[in-house]
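Chemist: sequence and predicted model, in that order:
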Amino acid sequence: MTMYLIAALGLIIGIVSAILGAGPSILTVLLLTSVAGLELHSAVATSLVAVMLMSLVAVVPYAMENAVVWRYAFTFGLASMTGAYLSGHIAGVIPEHILRVIFFMATVVASVAMLWDRPPLPLDQGRKRSSWRPMAVLAAGGILVGCLTGLVGLGGGFAIVPLLVMFTGTPVHAAIGTSILVIAMNTMAGLAGHLPHPPIDWPLAVSLSITECAGSLAGARLARHISAAVRRWAFAGLMLAASALTLGQAMHGYHPSHVLNG
């Protein structure tokens, strides 16, 4: 029963992530710790496999619509891959309770970042800005997000979308497509940093990969019909719920998997 529930929730994660351009890593780690009952180190490594494959599939419809800004993706992505690879090497020696604190803080920041209503940049203002400044901001943000990916499995979509909209004037839909590509790059580097012996639960990784990929294709088709404001509020609500669940686990040691497993 637990495997069927995890597969169904993975389908929902794929749909939500393709619509919002963020959240697959956070939600997958929470699913694996809360429902599957994995330890955080194993949940992070397993989620990196599932989210990497899901993101590679989810970015295809956006790329076909020309809704991926490639130069921003590679600027942010290469910087974040560096941080993800290096932090992945040290994640295994950091105590789990510290990783949970980092995870909790990241979910709170994610919800606040997505609720921040950012007016679009006027076209003339975008032309007056120097071209190096947005790139520098994206590179610095990429390193920070990459470190979070390697440590606690966060893909970084919660930071990528706001940064692209705020500093480069990228439309929300294109920012989401770009974010999904960067998430794929991040998780790939984070997984490499955990090698050669990451504690991956392969049956769960395969099951989640299949259902999240299917959900991501459906979500990409729905994304055009949902306003940016609705996407922001929905994501913020998910992140606040995730932070509350993470805090509850840390304070009381409660896992829903205990109930599911009898």
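Modeler: Good, I have the coordinates. Numbering: from 1, shown residues only.
Chemist: the nearest residue in space to Ile176 that is not next to it in sequence: what's it in contact with?
Modeler: Nearest non-adjacent residue to Ile176, counting by Cβ to Cβ, 6 or more residues apart in numbering: Gly21, 2.9 Å away. For every residue, glycine as well, the C-beta is placed using N, CA and C. Gly21 sits next to 157, 160-161, 175-180 when contact means Cβ atoms under 8 Å, 6 or more residues apart in numbering.
Chemist: adding pLDDT, distance to Met64 and neighbour count as columns, could you present those in a markdown table?
Modeler: Conversion of the contacts of Gly21 to a markdown table gives the following (pLDDT from 0 to 100; distance: Cβ to Cβ, whole Å; neighbours: other Cβ atoms under 10 Å):
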| residue | pLDDT | distance to Met64 | neighbour count |
| --- | --- | --- | --- |
| Gly157 | 72 | 20 | 30 |
| Ile160 | 81 | 20 | 30 |
| Val161 | 78 | 20 | 27 |
| Ala175 | 86 | 17 | 27 |
| Ile176 | 84 | 14 | 30 |
| Gly177 | 89 | 10 | 28 |
| Thr178 | 91 | 14 | 30 |
| Ser179 | 87 | 17 | 32 |
| Ile180 | 87 | 13 | 34 |
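Chemist: burial count for the closest residue to Leu38 other than its chain neighbours?
Modeler: Excluding the flanking residues, the one nearest Leu38 by Cβ to Cβ, 6+ apart is Leu32, at 4.7 Å. By other Cβ atoms under 10 Å, the residues close to Leu32 number 28.
Chemist: wait, Leu32 touches Ala45, no?
Modeler: No: using Cβ atoms under 8 Å, Leu32 makes no contact with Ala45, being 9.7 Å away.
Chemist: the residue nearest to Leu38 is in what secondary structure piece?
Modeler: Leu32 is located in helix 24-34, with elements delineated by DSSP states H and E.
Chemist: which elements pack onto that helix?
Modeler: Contacts defined by 3 or more Cβ pairs under 8 Å, 6 or more residues apart in numbering; DSSP states H and E place helix 24-34 against helix 2-20, helix 40-64, helix 96-115, helix 157-168, helix 172-194, helix 202-223, helix 228-252.
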